[in-house]
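> Return atomic coordinates for the entry below.
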Amino acid sequence: MKKGKLIIFSAPSGSGKTTLVHYLLNQPELNLAFSISATSREKRPNEIDGKDYYFVSPEEFKQKIKENAFVEWEEVYKNNYYGTLKTEVERLLNEGKNVVFDIDVKGGLNIKKQYPENSLAVFVQPPSVDELKKRLENRKTETPEKIAMRVAKANKELEYAKEFDVIIVNDNLEKAKQEAYKIVKDFINEE
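Now for the predicted structure:
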C-alpha cells in the first residue's frame with residue numbers, strides 16, 4: 001500500500017484556511033483525513049470534542065509534552081496550548097489516508113521538518129491585514145482585545161510565508177478552493 005502524504009495548511013487566523021481544508025476534505029478522490037489537534041483552550045459553543053479538537057486541560061497537555069507525545073506543540077497564548085499528537089498522525093497514515101492539517105504557522109513548519117519527504121506545506125495568505133481584521137470582526141466570536149492579539153500575531157506569521165512550499169492568496173474564495181484542489185491533487189499523485 002502506498003504510504004499516505006501529509007498536507008499542511010497554515011495561515012494567520014481569519015485567512016480562510018479552515019474553509020479551504022473543509023472543502024478539500026469533501027473531495028473523496030483526494031483520500032484525505034483530518035488530523036485533529038489537541039488544545040487546552042476553552043471549547044467554543046459549536047465545537048465537538050474529538051471532531052474539532054481533542055480538548056484537554058493545561059495540566060494534561062503539559063503531561064503529554066513531558067511524555068513526548070506530540071509531533072509539534074506550542075503555547076499560543078498563556079496556558080492555551082495546541083499540538084499534534086503522534087498517535088493521531090500514525091493512526092491516519094496506517095489507515096492509508098493522506099493527512100491534512102489545519103494548523104498555526106510554527107506548528108506547520110515543525111511538521112514539515114519532521115516529515116520532509118512526504119509533506120506539502122501550504123500557506124494561506126489574506127489579501128491584506130486590514131481584510132483579515134474585518135473577517136475576524138465579522139465572525140463575532142471574539143472580543144476586540146482578542147482580535148487585536150490575533151492581528152498582531154498575523155503580522156509576525158506573514159513573515160514566515162516564504163518558508164512554505166506554496167502560497168495561496170485568498171482574495172477570492174472560489175479561486176482559492178480551485179487552486180488548493182489542484183496543488184493538493186498534483187502533490188498526492190506525485191510518485
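> Now do the helices in this protein.
17-25, 58-66, 86-94, 105-114, 129-139, 144-157, 173-189 (DSSP state H).
> Same list (the ones you listed) but as TSV, adding mean neighbour count and distance to residue 51.
Just so you know, the C-beta spots here come from the backbone N, C-alpha and C atoms, and that holds for glycine as well. What follows is these, written out as TSV (neighbours: other C-beta atoms under 10 Å; distance: least, C-beta to C-beta, whole Å):
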stretch	mean neighbour count	distance to residue 51
helix 17-25	19	12
helix 58-66	15	18
helix 86-94	16	13
helix 105-114	20	19
helix 129-139	15	19
helix 144-157	14	23
helix 173-189	15	22
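> if I look at the closest residue to residue 183 other than its chain neighbours, how far off is residue 7?
Of all residues not flanking residue 183 in the chain, residue 166 sits nearest, at 5.5 Å (C-beta to C-beta, 6 or more residues apart in numbering). With distances taken as C-beta to C-beta, to the nearest Å, residue 166 is found 10 Å from residue 7.
> Same check on residue 129?
Relative to residue 7, residue 129 is positioned 26 Å away (C-beta to C-beta).
> swap in residue 44?
25 Å.
> So between those two, which is more surrounded?
Neighbours were tallied for residue 44 and for residue 7 using other C-beta atoms under 10 Å; the higher tally belongs to residue 7 (25 against 10).
> Is the closest residue to that one other than its chain neighbours bridged to anything, and to what?
Here the nearest residue to residue 7 in space, its sequence neighbours aside, is residue 100; by C-beta to C-beta, 6+ apart that works out to 4.8 Å. Partner residues in beta bridges with residue 100: residue 7, residue 34, with DSSP bridges as the criterion.
> shouldn't residue 100 be in contact with residue 9?
Yes: the pair residue 100 and residue 9 qualifies as a contact (C-beta atoms under 8 Å) at a distance of 6.8 Å.
> Alpha carbons of stretch 127-138, in PDB - could you do that?
Once side chains and other backbone atoms are set aside, the C-alpha atoms of stretch 127-138 remain, and they are given as PDB (Å, rounded to 0.1, in the frame of the first residue of the first chain):
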ATOM      1  CA  PRO A 127      -5.300  39.800   0.800                       C
ATOM      2  CA  SER A 128      -4.300  42.200   3.500                       C
ATOM      3  CA  VAL A 129      -4.100  42.600   7.300                       C
ATOM      4  CA  ASP A 130      -7.000  45.100   7.100                       C
ATOM      5  CA  GLU A 131      -9.100  42.500   5.400                       C
ATOM      6  CA  LEU A 132      -8.100  39.900   7.900                       C
ATOM      7  CA  LYS A 133      -9.200  42.200  10.800                       C
ATOM      8  CA  LYS A 134     -12.600  42.700   9.100                       C
ATOM      9  CA  ARG A 135     -13.000  38.900   8.700                       C
ATOM     10  CA  LEU A 136     -12.200  38.300  12.400                       C
ATOM     11  CA  GLU A 137     -14.700  41.100  13.400                       C
ATOM     12  CA  ASN A 138     -17.400  39.500  11.200                       C
END
